[in-house]
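> what shape does this take:
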Amino acid sequence: MDVLLTGGAGYIGSHTLIELLACGHRIHVADNFANSSPEALNRVRSLSNRDFAFSRADVRDRAALIALFQEFRPEAVIHFAGLKAVGEGEAKPLDYYETNVAGTMNVLDAMNAVQCRRIVFSSSATVYGEPEYLPIDEAHPLRPASVYGRTKHMAEQIIADWGRARPEASGALLRYFNPVGAHESGRIGEDPHDVPNNLMPYISQVAVGRRAKLSIYGDDYDTRDGTGLRDYIHVADLARAHVAALDYAAAHQGVEAFNIGTGAGFTVHEMLRAFSEACGRDLPYEVTARRPGDVAACVADPSKANRLLNWRAERGLPEMSRSAWLWQSGNPNGYEAL
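A predicted model of the protein is given here:
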């Protein structure tokens with residue numbers, strides 16, 4: 001299948017690109033490198049021993065997107081491109097709405113221009129907001145509590161409305177929980193450009209000396225050890241979910257949402273211990289006050305994805321930690337030159 005990946009040089013996009021190439025799909029990557037690096041694509045070519053097309057493009061540029069789509073004429077789109085830091089979204093809401101919402105509309109416009117009717121969308125469990133019950137299934141109320149979450153919710157609604165207006169269209173909205181880990185080679189992984197917003201990349205940077213210590217925000221939650229509990233999923237399992245979703249969209253009509261998680265959760269202390277074992281030493285941390293908006297626990301019910309996508313997570317916490325350490329130890333400054 002001819003597949004266009006927006007944001008295909010990013011953390012999740014690059015891992016999905018490897019999986020798609022292994023399956024024999026013909027790929028065109030579009031990325032502006034706002035949250036990614038050209039080196040990631042170079043390494044994907046080396047790891048996969050396969051080539052793909054690339055265009056430097058921005059989803060905010062509707063005319064450029066349409067021209068790109070008319071040249072490549074994709075049969076399907078996997079739409080990763082977007083801004084994703086919760087704190088930054090609160091500080092720069094217009095940037096987030098322009099990129100994540102208007103950008104999604106531009107992608108759909110470009111798809112319409114070439115009669116492309118299949119899309120897999122990179123969404124987020126932040127669309128649920130504070131959990132009313134656990135584990136969270138797709139019927140859970142959607143009450144996002146951040147600008148970032150609201151942009152993902154709006155983009156989902158736009159895609160669903162686009163699908164309803166075109167009965168032959170199909171879409172899969174993948175609501176990620178907490179992607180972690182790296183490719184088994186250690187050659188590609190998560191490379192945040194600023195201070196990491198997520199737990200595992202922050203722990204990784206503590207382990208290589210880029211950060212002094214981990215701050216644990218609160219240890220008095222109603223969890224196994226008092227620290228926040230989350231559903232973490234290995235990025236390689238998440239990449240496989242996109243391939244499964246692409247196959248689903250090719251065989252079905254309509255737009256469906258899927259939780260992509262493991263159905264289990266780990267606390268901050270458990271994540272820290274696992275990473276300490278992976279890197280071979282205890283890592284420094286301090287407990288500080290809770291952050292506003294943090295919840296005690298958030299865990300997926302992935303049974304719909306298990307059933308309809310014929311997909312399930314396979315890798316556990318040790319593999320998540322070992323692969324993340326292999327990536328970070330071999331690339332202490334990410335994709336930047338040493």
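
> CA atoms for contacts and neighbours, from now on please.
Noted.

> biggest helix in the protein by residues?
helix 147-165 (DSSP state H).

> downstream of it, the next helix or strand is which one?
Elements were assigned by DSSP states H and E; along the chain past helix 147-165, the next helix or strand is strand 170-176.

> all helices for the chain, in order.
Secondary structure of the chain (DSSP H): helices at 11-22, 38-48, 62-72, 86-91, 93-96, 103-113, 147-165, 199-207, 235-251, 268-279, 303-308, 317-330.

> hang on, the earlier thing: pull out the buried positions in the longest helix of the chain.
Of all the residues in helix 147-165, those buried under the rule 16 or more other C-alpha atoms under 10 Å are 147-156, 158-160, 162-163.

> again with stretch 199-211
Neighbour counts using 16+ other C-alpha under 10 Å place Leu199, Met200, Pro201, Tyr202, Ile203, Ser204, Gln205, Val206, Ala207, Val208 of stretch 199-211 among the buried residues.

> what packs against the helix or strand of the chain with the lowest mean pLDDT?
Within the chain, no helix or strand scores below helix 86-91, which has a mean of 91 by mean pLDDT, DSSP states H and E. Secondary-structure packing of helix 86-91 (3 or more C-alpha pairs under 8 Å, 6 or more residues apart in numbering; DSSP states H and E): helix 147-165.

> show me the contact partners of the helix it packs on.
83-86, 89-90, 93, 96-97, 100-101, 104-105, 108, 121, 123-124, 126-127, 129, 142, 144, 169-171, 173, 254-255 (C-alpha atoms under 8 Å, 6 or more residues apart in numbering).

> go again with 6 Å.
Helix 147-165 is contacted by residues Val86, Gly89, Glu90, Asn100, Val101, Ser123, Thr126, Val127, Pro144, Ala169, Val255 when judged by C-alpha atoms under 6 Å, 6 or more residues apart in numbering.

> quick check: closest non-adjacent residue to the fourth one.
I take that to be Asn100. Distances taken as C-alpha to C-alpha, 6 or more residues apart in numbering place Gly82 nearest to Asn100, at 5.2 Å, with adjacent residues excluded.

> what's the neighbour count on the one you found?
27 (other C-alpha atoms under 10 Å).

> ok, now how distant is the closest residue to Glu314 other than its chain neighbours from Phe177?
Leaving aside its chain neighbours, Glu314 sits nearest to Asp237 (6.7 Å; criterion: C-alpha to C-alpha, 6+ apart). Separation of Asp237 from Phe177 (C-alpha to C-alpha, to the nearest Å): 12 Å.

> and for the nearest residue to Tyr248 once chain neighbours are set aside, the neighbour number?
In space, and not counting its chain neighbours, Tyr248 is closest to Leu309: 6.3 Å by C-alpha to C-alpha, 6+ apart. For Leu309, the count of nearby residues is 20 (other C-alpha under 10 Å).

> please report how far Leu309 lies from Tyr217.
In terms of C-alpha to C-alpha, Leu309 sits 36 Å off from Tyr217.

> quick check: closest non-adjacent residue to Phe54.
Per C-alpha to C-alpha, 6+ apart, closest to Phe54 is Val29, 4.7 Å.

> isn't the one you found right up against Gly8?
Yes: counting by C-alpha atoms under 6 Å, Val29 touches Gly8, with 5.4 Å between them.

> of these two, who's got more company?
Gly8 (28 against 22).

> is the residue nearest to Asn100 in contact with Ala102, as I believe?
No: using C-alpha under 6 Å, Gly82 makes no contact with Ala102, being 10.4 Å away.

> any regions of the protein where pLDDT drops low?
337-338 (pLDDT under 70).

> try 50 this time
Across the chain, the ranges flagged by pLDDT under 50 are 338.

> sorry, back to before: can you tell me which of the buried residues of helix 147-165 is nearest Gly265?
Distances from Gly265 to the buried residues of helix 147-165, taken as C-alpha to C-alpha, are shortest for Gly149 (20.8 Å).

> for Ser124, see how far away the closest one is.
With C-alpha to C-alpha as the criterion, Gly149 and Ser124 are 7 Å apart.

> before we move on, what about Gly261?
11 Å.
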